[in-house]
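> A predicted structure for the sequence below; I have some questions about it.
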Amino acid sequence: MVERDEVPPSLLREWAIEERKDFSLDTESIRAATALGSLASHFLMVDPWTQLEWDNYIYRHEHLYQKTYSGFSTCFLRTLEALVVKTRPEDVERDIDLPPMKHRVVYLKPCWFDKMTANLFIQVLRANAITSERSDVDYLFHKNSSKARQKLIRNLRQSNFTWTGFKLEDVSSTLETTMKYLNKEDKLCSLEDASSLLESSRIISSLTSSKSWIALGKAHEVGLAIEHWPQDSEGSFSLSYTEKPTMIGITQLLSGQLHVDSHILTEAPARDLHLVGQAEKAKIERIQETETKIKKREQANSDNQLKKAGVPSSCVAVQPLTSRRASTMATVTSPSKSNVPAQDHKSVVSEEPVEEKAEHLDSLVKTRKRKLTQADEMAELPEDSPLRDTKIVGTTSAKLSYLIGKVLKHQAEEKIIIFYDGDNTGT
């Protein structure tokens, strides 16, 4: 084998020229190089990059006054060598005694909501590929559709835990697009494509009559299946009332739990629990109204809004926040606009104006929040409390159900760290 030091300079020059010919400045390379520049200049604040223009020096430019980006420069190589600090495994093992790492892959059986979310994404991908006839920029896998494709795949990955970005109008939209195309006489799809598109359309069409799925899409919550919820407050908490088991969002359940904990030392901790449920429903309605206004404003201001055949806009948008997180962010960013007037609700029988009603319910809940004492935490429900029989029997996410089960099993004796890669997953 010939050492590089023994190669003549003329041959080394030829090798370098050939290597530069293979250099391709794609999107991934640009992002990686830009991220390193930000790290060096803004985070590590390494001289001279706090004063110099990063792009002028890390790329090889063939012309004095033109940026040709023909390759990375040796300056870039020297900078990387100076920035990267490598810790050898033996150094870590000498100072820290780590237990052996165990890794196990667990295969979970998806619940009905997981299956329908996956079916919706399959329908969207099929509708786009078949109705666009796999050509032009309408096709998600066209070279100019990389941005939309990356967003859709990102959402598909997050949907493995939970996804509430789809709405009833999204289902109707993709079904309408599908049927219009399949009814065309000059369509170019194969019989196999038409059959598969009809199959996925038939499956997701059942969602139009699912009260639970529609309610979760409006509330943007992970649903919890509850048994034996107190009857006097079940209607105000349930996202799909009369369906059994009772479907309640995590945010709404936490608010109810806080109310009970705050009154645990009283004779009836569940008293006025229905008012908490009404306040939470009013909050969801206000957030829905705000979302609708924002969506209409964005559509009016965006002339070049991304549109793909058979792809609802929500598929390539960020997953909506839960009502708890959205309400918190709205209050922090714009307190004066956080109390958007809510629509009337049937369970509220008073004749107060809608906005005054919502503010009254919010203030009722907020004024009763207090820091729990040790006596509160040690107290138990009264013997005749209807909440003694209330229990969670499942969730709308197979992964969350598995995770909760493992935490309950090991939390008394083990330290647990839970990692997640989606903001909405951790709220």
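Yep, that arrived.

> just the helices in the stretch 201-350 of the chain please.
Applying DSSP state H, counting those that start in this stretch to the stretch 201-350 of the chain gives helices spanning 211-219, 231-237, 250-262, 273-301, 323-333.

> residue 137 is nearest to which of the ones you listed?
helix 273-301 (19.8 Å; CB to CB). Quick note: C-beta positions are derived from backbone N, CA and C, even for glycine.

> export the helices of the stretch 201-350 of the chain as CSV, with columns for distance to residue 414 and mean pLDDT.
Shown next, in CSV, are the helices of the stretch 201-350 of the chain (distance: least, CB to CB, whole Å; pLDDT from 0 to 100):
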stretch, distance to residue 414, mean pLDDT
helix 211-219, 32, 90
helix 231-237, 33, 93
helix 250-262, 24, 91
helix 273-301, 33, 82
helix 323-333, 28, 50
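
> so what's the residue count around residue 40?
Counted with other CB atoms under 10 Å, residues neighbouring residue 40 total 21.

> how close does residue 393 sit to residue 250?
Counting by CB to CB, to the nearest Å, the gap from residue 393 to residue 250 is 15 Å.

> neighbour count winner among those two?
More neighbours surround residue 250 than the other of residue 393 and residue 250, with 19 against 12 (other CB under 10 Å).

> buried stuff in stretch 122-141?
The neighbour-count check on stretch 122-141 (16 or more other CB atoms under 10 Å) flags 122-132, 134, 138-140 as buried.

> only alpha carbons, please: show that stretch as PDB.
The C-alpha trace of stretch 122-141 is given here as PDB (Å, rounded to 0.1, in the frame of the first residue of the first chain):
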ATOM      1  CA  ILE A 122     -51.900   5.900   4.200                       C
ATOM      2  CA  GLN A 123     -54.900   7.500   2.600                       C
ATOM      3  CA  VAL A 124     -53.200  10.800   2.200                       C
ATOM      4  CA  LEU A 125     -50.100   9.300   0.600                       C
ATOM      5  CA  ARG A 126     -52.200   7.100  -1.700                       C
ATOM      6  CA  ALA A 127     -54.500   9.900  -2.700                       C
ATOM      7  CA  ASN A 128     -51.600  12.200  -3.500                       C
ATOM      8  CA  ALA A 129     -49.600   9.600  -5.500                       C
ATOM      9  CA  ILE A 130     -52.600   8.300  -7.500                       C
ATOM     10  CA  THR A 131     -54.600  11.600  -8.100                       C
ATOM     11  CA  SER A 132     -51.400  13.400  -9.100                       C
ATOM     12  CA  GLU A 133     -50.500  10.400 -11.300                       C
ATOM     13  CA  ARG A 134     -47.000  10.600  -9.800                       C
ATOM     14  CA  SER A 135     -46.000  13.500 -11.800                       C
ATOM     15  CA  ASP A 136     -45.400  17.300 -11.600                       C
ATOM     16  CA  VAL A 137     -45.000  19.300  -8.400                       C
ATOM     17  CA  ASP A 138     -48.400  18.100  -7.000                       C
ATOM     18  CA  TYR A 139     -46.700  14.700  -6.300                       C
ATOM     19  CA  LEU A 140     -45.100  14.700  -2.800                       C
ATOM     20  CA  PHE A 141     -42.100  12.700  -4.000                       C
END
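
> returning to what we had before: can you tell me which of the helices of the stretch 201-350 of the chain is nearest to residue 103?
helix 250-262 (28.9 Å).

> immediately after the strand or helix carrying residue 127, which helix or strand?
Following DSSP states H and E, one finds residue 127 within helix 112-131. Next helix or strand after helix 112-131 toward the C-terminus (DSSP H and E): helix 146-158.

> can you list the weak-confidence ranges in this structure?
Where the chain drops to pLDDT under 70, the residues are 1-7, 9-10, 12-27, 60-71, 84-86, 298-307, 310, 320-371, 423-427.

> again, 80 this time
Applying pLDDT under 80 to the chain flags the ranges 1-33, 44-46, 49-74, 76-78, 80-99, 291-292, 294-310, 312-374, 376-377, 421-427.

> okay, now the domains of it?
4-89, 112-209, 224-305+341-371+387-410 (automatic domain parsing).

> would CSV of these with distance to residue 318 be doable?
Putting the domains of the chain into CSV (distance: least, CB to CB, whole Å) gives the following:
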stretch, distance to residue 318
domain 4-89, 19
domain 112-209, 8
domain 224-305+341-371+387-410, 12
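
> which one, of those, ends up nearest to residue 317?
domain 112-209 (6.7 Å).

> distance between the ends of that closest one?
End-to-end distance for domain 112-209, by CA to CA, to the nearest Å: 14 Å.

> show me how far that domain is from its chain's centre.
19 Å (CA atoms, centre = their mean, to the nearest Å).

> same question for stretch 224-244.
How far stretch 224-244 lies from its chain's middle: 26 Å, per CA atoms, centre = their mean.

> now stretch 389-405
Remark: stretch 389-405 is offset 19 Å from the chain centroid, using CA atoms, centre = their mean.

> export that stretch as CSV, just CAs?
What follows is stretch 389-405 as a C-alpha-only set of coordinates in CSV (Å, rounded to 0.1, in the frame of the first residue of the first chain):
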residue,chain,number,x,y,z
ASP,A,389,-64.9,3.8,42.1
THR,A,390,-63.5,6.0,39.3
LYS,A,391,-60.6,4.6,37.4
ILE,A,392,-58.6,4.9,34.2
VAL,A,393,-59.0,1.8,32.0
GLY,A,394,-57.1,2.9,28.9
THR,A,395,-55.9,5.6,26.6
THR,A,396,-56.1,6.5,22.9
SER,A,397,-52.4,5.7,22.5
ALA,A,398,-50.9,2.2,22.8
LYS,A,399,-47.5,3.6,23.6
LEU,A,400,-48.9,5.9,26.4
SER,A,401,-50.8,3.0,27.9
TYR,A,402,-47.6,0.8,27.9
LEU,A,403,-45.6,3.7,29.3
ILE,A,404,-48.0,4.4,32.1
GLY,A,405,-48.1,0.7,33.0
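
> which residues does it contact?
106, 108-111, 113-114, 160-162, 212, 216, 222-230, 245, 247, 418 (CB atoms under 8 Å, 6 or more residues apart in numbering).

> in strands, which of the residues you listed appear?
The strands, defined by DSSP state E, take in 223-227, 247 from those.

> check the residues you listed and tell me the two furthest apart.
Maximum distance among the ones in strands among the contacts of stretch 389-405 (CB to CB): 13.7 Å, for 223 and 227.

> what about residue 380, how many neighbours?
Applying other CB under 10 Å, we find 8 residues neighbouring residue 380.

> ok, it - contacts?
residue 264.

> surely residue 226 touches residue 246?
Yes: using CB atoms under 8 Å, residue 226 is in contact with residue 246, at 4.5 Å.

> quick one, which of the domains of the chain is nearest to residue 313?
Closest among those, once you apply CB to CB, is domain 224-305+341-371+387-410, at 7.5 Å.
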